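Colleague: Structure for this input, please:
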Amino acid sequence: AKVGKTVAIVEKYPAVGGGCVHFGTLPSKSFRESVYRYSLGSRGVLGREADEKKKGRQPAIAIPDMRRLLQRKERVVSGESSVIRDQLKRNHVTIVHGTARFLSATTIEVTRGRRKSEICGEKIVIATGARPVSPPHLPIDGKIVHDSDTILELKSVPKSMIVLGAGIIGCEYASMFSMAGTKVILVDKRNRVLASVDQEIVSALRHRFEHQGMEILLSAE
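Modeller: Purely as a prediction, here's the structure:
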């Protein structure tokens, strides 16, 4: 658009921004910040540890309200999506909401509800991103079994949670929910946590996980 091309974007979700804004980096980091701040309180994990050091007593952990934890996430996501939409409008990029399929090498058909329309373009860029892959025997239902796209749709912080996969995203959510007071069991079929990360750092992280009461099951499916 900045070099004078006429540009349109087809987006199936109501808001622009894609996976990073709506499902990945921004939601998880915003949620992490809310959990961290809550944990510093007198009945949070870190607050309890501090109280135990000072007074030698260990008050019970209070499970936080999920709705309040997500308020920051929703505010950050909404703000960033608005910034992106404004940038597109400022550069005269047309946003078409719906799902697209090719009719020819230069024509796509966009469907929104019962409405269909065609858009032609000299160049068409496919930038649909990726989605989490669930094991065949564990279909995602958004109620009991979640993936990284749906986990922050939980209505309440669970008392217990199994996290399948000790990679970066698995450890990230295992850490956050453990800090929120959830009993977490981290399972991985490999024999190491975060196999691609420096093992001295991983050793310190794993020690911290276990100190919080997290159970780690490796070489297990």
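Colleague: so Val202, which of the three states?
Modeller: helix (DSSP: H, G, I helix; E, B strand; the rest coil).
Colleague: Ala220: what's it in contact with?
Modeller: 187-189 (C-beta atoms under 8 Å, 6 or more residues apart in numbering). (Glycine included, C-beta is placed from N, CA and C.)
Colleague: what's the neighbour count on the closest residue in space to Leu152 that isn't next to it in sequence?
Modeller: Distances taken as C-beta to C-beta, 6 or more residues apart in numbering place Pro27 nearest to Leu152, at 5.5 Å, with adjacent residues excluded. Using other C-beta atoms under 10 Å, Pro27 has 23 neighbouring residues.
Colleague: Give the rounded mean pLDDT of the helix or strand containing Pro27.
Modeller: Assessed by DSSP states H and E, Pro27 sits inside helix 25-39. Mean pLDDT, computed over helix 25-39, is 93.
Colleague: Name the residues of it that are buried.
Modeller: 26-28, 30-32, 34-35, 38-39 (16 or more other C-beta atoms under 10 Å).
Colleague: Tell me who's in contact with the residue nearest to Leu152.
Modeller: Pro27 touches 73, 76-77, 152, counting by C-beta under 8 Å, 6+ apart.
Colleague: Take those and keep only those in helices.
Modeller: Residues of the contacts of Pro27 located in helices (DSSP state H): 73, 76-77.
Colleague: roughly how far is stretch 197-205 from the heart of the chain?
Modeller: Relative to the mean C-alpha coordinate of its chain, stretch 197-205 is positioned 23 Å out (C-alpha atoms, centre = their mean, to the nearest Å).
Colleague: Give me the residues contacting that stretch.
Modeller: With C-beta under 8 Å, 6+ apart, stretch 197-205 has contacts from 168, 171, 192-194.
Colleague: Name the nearest of these relative to Ala8.
Modeller: Closest approach to Ala8 among the contacts of stretch 197-205 (C-beta to C-beta): Ile168, at 34.3 Å.
Colleague: got the contact list for that closest one?
Modeller: Ile168 neighbours (C-beta under 8 Å, 6+ apart): 194, 197.
Colleague: That one and Ile84, how far apart?
Modeller: Separation of Ile168 from Ile84 (C-beta to C-beta, to the nearest Å) stands at 25 Å.
Colleague: Ile95 now?
Modeller: Distance from Ile95 to Ile84, by C-beta to C-beta: 10 Å.
Colleague: Between those two, which contacts overlap?
Modeller: Val16.
Colleague: Check the chain and tell me which residue is nearest its centre.
Modeller: For the chain, the residue nearest the mean C-alpha position is Gly24 (4.0 Å; C-alpha atoms, centre = their mean).
Colleague: That one and Val145, how far apart?
Modeller: 19 Å.
Colleague: distance between stretch 108-117 and the chain's centre?
Modeller: 29 Å.
Colleague: From here on, call the first residue 34.
Modeller: Sure, I'll start counting at 34 from here, so that last one is stretch 141-150.
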